[in-house]
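J.: Need a 3D model of the sequence below.
(chains A, B, C and D)
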Protein chains: 4
Amino acid sequence: MRSEEDKEKLVNRLKRIEGQVRGIQRMVEDDRYCVDVLVQLSAINAALKKVGYSLLENHTRGCVADAVQHGDGDEAIEELMKVIQQFSRS
Amino acid sequence: MRSEEDKEKLVNRLKRIEGQVRGIQRMVEDDRYCVDVLVQLSAINAALKKVGYSLLENHTRGCVADAVQHGDGDEAIEELMKVIQQFSRS
Amino acid sequence: MRSEEDKEKLVNRLKRIEGQVRGIQRMVEDDRYCVDVLVQLSAINAALKKVGYSLLENHTRGCVADAVQHGDGDEAIEELMKVIQQFSRS
Amino acid sequence: MRSEEDKEKLVNRLKRIEGQVRGIQRMVEDDRYCVDVLVQLSAINAALKKVGYSLLENHTRGCVADAVQHGDGDEAIEELMKVIQQFSRS
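T.: Below is the predicted model:
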């Protein structure tokens, strides 16, 4: 569903997040102040949420819309609703 | 504030999360189904939240309780409340 | 978009939530323990989220799917994504 | 723990929220557009969260700080952490 360009952008965002997670490991090892670590954790969560919402949009514009146009949107929408709830609670 | 054992456990949890973020990069590169990627993203978010809550507890039992006992809890509690809100919205 | 039956069910759920909010006012007036009030607030939030997710599903199955079938899904999906983010952050 | 003035303010905020919940019932009965109802629901959730965070702060400055100063903060902090998690997931 995704173009090579979209995939590359997504992977780059995930690599940056991976680097941020490694950064937190160093903060823990260096005994950095808890609140600073928590602020950094919040930033990672926010970045992952952003990635998730862009995947969600892509999925809705692609797979879900296709399914709806081919007359079998019911299942696709049910799955979509489940994953939205699971994702937004995480 | 943290014992060496606590720090090691925390770093190990973060290393596992780092591995999960790398796993998602592979899922994107391999064109895996969006919904599966989103479920995996939710799992990472949940794992980061768990790490965050355990840091939060540690911080409250340590720094915040100390500050309260030394009569300057006000500022520590204000900072705590701010980081709780920032973290739980992320 | 909604049947009379669906609307009645929805209004009844909202009336129950209204009653729960009144219940919390009494808890505050009666000086009930903070943590008990917070647990009750969490229950109301969870109930409102449930109402929201069922509205969201209805909307996607109705308006959004209709728009997609009539070839103008783009705008409907953009609006959907925005409201999902706003709602899940609340 | 709360002054009469604080209680009155809190009850007034809850009365406003109660009114907002009644407003949503009317929106449903009047067949208002789903997305508008969802935006309104998000506003109520945000208002309830604000009430919750101010209760949480009050509780921490009051009961929890008291418990810590009297040498039995452990239990109070454990309870605090539980309610924070329950509340922020709701």
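J.: Kindly report the residues of chain A close to chain C.
T.: Within chain A, the positions lying close to chain C (CB under 8 Å from any CB of the partner chain) are A:53, A:56-57, A:60-61, A:65, A:68-69, A:73-74, A:77, A:80-81, A:84-85, A:87-88. The way it works is simple: take the backbone N, C-alpha and C, and place the C-beta from them, glycine included.
J.: What segments of chain A are helices?
T.: A:4-29, A:34-59, A:65-69, A:73-89 (DSSP state H).
J.: What residues sit buried inside the last one?
T.: For helix A:73-89, the buried set under the neighbour-count rule, 16 or more other CB atoms under 10 Å in any protein chain shown, comprises A:73, A:76-77, A:79-81, A:83-88.
J.: Restrict it to CA atoms and write it as PDB.
T.: Below are the C-alpha coordinates for helix A:73-89, written out as PDB (Å, rounded to 0.1, in the frame of the first residue of the first chain):
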ATOM      1  CA  GLY A  73     -16.400  -2.500   4.400                       C
ATOM      2  CA  ASP A  74     -18.100  -4.000   7.500                       C
ATOM      3  CA  GLU A  75     -15.300  -6.200   8.600                       C
ATOM      4  CA  ALA A  76     -12.600  -3.600   7.700                       C
ATOM      5  CA  ILE A  77     -14.400  -1.000   9.800                       C
ATOM      6  CA  GLU A  78     -14.800  -3.400  12.700                       C
ATOM      7  CA  GLU A  79     -11.100  -4.100  12.700                       C
ATOM      8  CA  LEU A  80     -10.300  -0.400  12.400                       C
ATOM      9  CA  MET A  81     -12.400   0.500  15.400                       C
ATOM     10  CA  LYS A  82     -10.700  -2.200  17.500                       C
ATOM     11  CA  VAL A  83      -7.200  -1.100  16.600                       C
ATOM     12  CA  ILE A  84      -8.100   2.600  17.200                       C
ATOM     13  CA  GLN A  85      -9.300   1.700  20.800                       C
ATOM     14  CA  GLN A  86      -6.300  -0.500  21.500                       C
ATOM     15  CA  PHE A  87      -3.900   2.200  20.200                       C
ATOM     16  CA  SER A  88      -5.400   5.200  21.900                       C
ATOM     17  CA  ARG A  89      -5.500   3.500  25.200                       C
END
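J.: From the chain's centroid, how far away is that helix?
T.: Centroid separation for helix A:73-89 versus its chain: 15 Å, with CA atoms, centre = their mean, to the nearest Å.
J.: Contacts for that helix next, please.
T.: With contacts defined as CB atoms under 8 Å, 6 or more residues apart in numbering or on different chains, helix A:73-89 is touched by A:52, A:56, A:59-60, A:63-64, A:67-68, B:35, B:38-39, B:41-42, B:45, C:53, C:56-57, C:60-61, C:65, C:68, C:84, C:87-88, D:89.
J.: check contacts around the residue most central in space within chain A.
T.: Residue closest to the average C-alpha location in chain A (CA atoms, centre = their mean): A:Gly52, at 2.4 Å. Counting by CB under 8 Å, 6+ apart, A:Gly52 makes contact with A:87, B:38, B:41-42, B:45.
J.: how much space between A:Leu55 and A:Leu14?
T.: 11 Å (CB to CB, to the nearest Å).
J.: pLDDT at A:Met1, what is it?
T.: What the model reports as pLDDT for A:Met1 is 59.
J.: now A:Arg22
T.: pLDDT, A:Arg22: 98.
J.: Same check on A:Val11?
T.: 97.
J.: Could you do A:Ser90 as well?
T.: Note for A:Ser90: predicted pLDDT of 89.
J.: follow-up on the earlier one: identify the residue nearest the residue nearest to the centre of chain A in space, chain neighbours excluded?
T.: What sits nearest to A:Gly52 in space, not counting adjacent residues and going by CB to CB, 6 or more residues apart in numbering or on different chains, is B:Leu41, at 4.7 Å.
J.: can you pull the contacts of the one you found?
T.: B:Leu41 makes contact with A:48, A:51-52, A:55, A:87, A:90, B:24, according to CB under 8 Å, 6+ apart.
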